[in-house]
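The sequence isn't on hand, but the structure is:
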């Protein structure tokens, strides 16, 4: 089975209320606050060391039987400048954004994180993600032997 390293769009950053366990690397997110300031429509988002999905993508993932992730709630703040981009992408409102908490091992589970915190997904997971909008996500083949 082939795995892929994904680099999703970064439309914001983790917020001040995010709680991190910095005793491990990458830091483990205990509570996620996410601030969006420039969303351009993708369903998969990143703000190191966390990943987010829209409610649409959550729905696709939930019935997929994929391993290595949990969907959790996050505190999401949408800045005014992000609201200004909605008409440019043909939207009138924002979807619900949820935390994609990755729990799996890269190259083994459908979702995993490398030692550097990169997102790695299986072919099956990528197929599901592509049913959403991930146009701004860079997709590279994952080399399990080097972890890159």
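Everything's here; your move. Just so it is clear, the model here is predicted, and its values are computed rather than measured.

Now the residue most central in space within the chain: closest residue in space that isn't a chain neighbour?
Using CA atoms, centre = their mean, the residue of the chain that lies closest to the mean C-alpha position is residue 51, 2.9 Å off. The shortest distance from residue 51 to any non-neighbouring residue, by CB to CB, 6 or more residues apart in numbering, is to residue 100 (4.3 Å). Bear in mind the C-beta positions are built from the backbone N, C-alpha and C, glycine included.

and that neighbour, helix, strand or coil?
At residue 100, secondary structure determined by DSSP: H, G, I helix; E, B strand; the rest coil is strand.

what bridges to it?
Using DSSP bridges, the bridge partners assigned to residue 100 are residue 71.

Touching, it and residue 69? I think so.
Yes: here residue 100 reaches residue 69: they are 5.8 Å apart, a contact under CB atoms under 8 Å.

re earlier: OK, contacts around the residue nearest to residue 51?
If you count contacts by CB atoms under 8 Å, 6 or more residues apart in numbering, residue 100 has them with 44, 51, 52, 53, 69, 71, 111.

Please convert the residues you listed to TSV, extending it with distance to residue 22, pLDDT and secondary structure.
Converted to TSV, these look like this (distance: CB to CB, whole Å; pLDDT from 0 to 100; DSSP: H, G, I helix; E, B strand; the rest coil):
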residue	distance to residue 22	pLDDT	secondary structure
44	25	98	strand
51	18	98	strand
52	21	97	strand
53	25	98	strand
69	22	98	strand
71	24	98	strand
111	23	97	strand
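
Scan the helices and strands of this structure for the one with the lowest mean pLDDT.
helix 80-83 (a mean of 92; mean pLDDT, DSSP states H and E).

which other residues reach it?
With contacts defined as CB under 8 Å, 6+ apart, helix 80-83 is touched by 11, 12, 36, 37, 38, 39, 94.

Could you rerun that using 10 Å?
Applying CB atoms under 10 Å, 6 or more residues apart in numbering, the contact partners of helix 80-83 are 11, 12, 35, 36, 37, 38, 39, 40, 93, 94.
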